[in-house]
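Engineer: Structure for the following, please:
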Amino acid sequence: MDINGCVGLVTGGNRGIGEAFVRALLAAGARKVYAGSRDPQAAAQLVAEFPGRCVALELDVTDFAEVDAAAQQCGDVNVVVNNAGLFLNQTLLGAPDMSIARQEMEVNYFGTLAMCRAFGPVLGRNGGGAIINVLSAAALVSIPNMGGYSPSKAAARSLSAAVRAELAGQGTQVTALIVGSVDTRMAAHVEGSKEKPEDIARAGLRAITRGIDELDTDRMAVEVRAALALDPKGLEKRMARMLHVPAIRTGR
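Structural biologist: Next comes the predicted model:
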């Protein structure tokens, strides 16, 4: 995959890792990048900063009609970055109902699937191209205090492998990024050192230019994978110690 001269589309492209991907693509020579967002005005600064090269796109990945409309409108795309994500900071059993887990799955899994289904044919017509799915170290090991987020990202990791196989025949590269702690609004609750969004974006672009299927983008992701290989039970126990919620009461 050659970034120079490509046309990209980034979901959740108005801030955080998504904004960093928009900037990284343009810095690497992309001819144009669509910055997808539920509110196009949220990407107004990027559009003003890169006139003619950054285009704001109204795109809610849970609205399949909008996803299909985007595929019709953006028929020149050959790099898709599925970055839009949702974390609602509830546990699976402690949440008042299942609606929060469903919302996280709708964005993180079904939204990614909808984008792959809609843009797979577009990429095929444009010579193959590439898809980047921005995932999480939570896709490797369940983090109990992140509730439905871990299951949704694990599902998206499995999806990435399936889509990779389905699109291999048309020459489309599908890369899953395993991301640790990054300095974004979504990770504001996480303590300790955090990576810069721009470093994650650059790592993602290097991955598709080198044909890498799955990449640990930062130190935390690497350490989680290593701990999982060396002592999976110990890692599970350490993750469980992060959970500080009252015991769930059942019955009367």
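Engineer: Backbone torsions only: list them for the closest residue to residue 85 other than its chain neighbours.
Structural biologist: Closest residue in space to residue 85, ignoring its immediate chain neighbours: residue 108 at 5.5 Å, by Cβ to Cβ, 6 or more residues apart in numbering. Any C-beta I mention is one placed from the backbone N, CA and C, and that applies to glycine too. With angles defined as degrees, to the nearest 10, residue 108 sits at phi -80, psi -30.
Engineer: Wait, residue 108 touches residue 156, no?
Structural biologist: Yes: counting by Cβ atoms under 8 Å, residue 156 is a contact partner of residue 108 at 5.7 Å.
Engineer: who's more crowded, these two?
Structural biologist: residue 108 (31 against 26; other Cβ atoms under 10 Å).
Engineer: State the distance from the more buried one to residue 87.
Structural biologist: Distance, residue 108 to residue 87, by Cβ to Cβ, to the nearest Å: 9 Å.
Engineer: overlap in contacts of the two?
Structural biologist: Common contacts of residue 108 and residue 87 (Cβ atoms under 8 Å, 6 or more residues apart in numbering): residue 149.
Engineer: and the helix or strand of the chain with the lowest mean pLDDT, which residues are buried?
Structural biologist: Lowest by mean pLDDT, DSSP states H and E among the helices and strands of the chain is helix 232-240, with a mean of 86. Neighbour-count burial for helix 232-240 flags 235, 239 (criterion: 16 or more other Cβ atoms under 10 Å).
Engineer: now swap in stretch 218-237 and tell me
Structural biologist: Those would be 218, 220-221, 224-225, 227, 235, for stretch 218-237 by 16+ other Cβ under 10 Å.
Engineer: and what of stretch 168-178?
Structural biologist: Using 16+ other Cβ under 10 Å as the test for burial, stretch 168-178 gives 172-178.
Engineer: same check, this time on stretch 48-60
Structural biologist: Buried-residue list, stretch 48-60, by 16+ other Cβ under 10 Å: 50, 53-60.
Engineer: ok, and what's touching it?
Structural biologist: The contact list for stretch 48-60 (Cβ under 8 Å, 6+ apart) reads 9, 11, 13, 22, 26, 30-44, 46-47, 66-67, 70, 73-74.
Engineer: Three-state assignment for residue 114, please.
Structural biologist: With DSSP: H, G, I helix; E, B strand; the rest coil as the basis, the three-state label of residue 114 is helix.
Engineer: Going forward, the N-terminal residue is numbered 610.
Structural biologist: All right, first residue 610 from here; so that's residue 723.
Engineer: Show me what stretch 772-780 is in contact with.
Structural biologist: Contacts of stretch 772-780 (Cβ under 8 Å, 6+ apart): 722, 725, 729, 732-733, 736-737, 740, 783, 822.
Engineer: What is the most widely separated pair among those?
Structural biologist: For the contacts of stretch 772-780, the farthest-apart pair by Cβ to Cβ is 722 and 736; their separation is 22.8 Å.
Engineer: between the two, which one's more packed in?
Structural biologist: Between residue 722 and residue 736, counted using other Cβ under 10 Å, residue 722 has the larger neighbour count: 18 against 11.
Engineer: That one against residue 768, yeah?
Structural biologist: Yes: assessed by Cβ under 8 Å, residue 722 is found in contact with residue 768 at 5.9 Å.
Engineer: For residue 782, list the residues it contacts.
Structural biologist: By Cβ under 8 Å, 6+ apart, residue 782 lies in contact with 610, 737-740, 817, 820.
Engineer: what's the closest non-adjacent residue to it?
Structural biologist: Distances taken as Cβ to Cβ, 6+ apart put residue 739 closest to residue 782, at 4.2 Å, once the chain neighbours are dropped.
Engineer: and the one helix or strand residue 709 maps to, what does it pack onto?
Structural biologist: Residue 709 belongs to helix 708-714 when assigned by DSSP states H and E. The contact analysis (3 or more Cβ pairs under 8 Å, 6 or more residues apart in numbering; DSSP states H and E) places helix 708-714 against helix 758-776.
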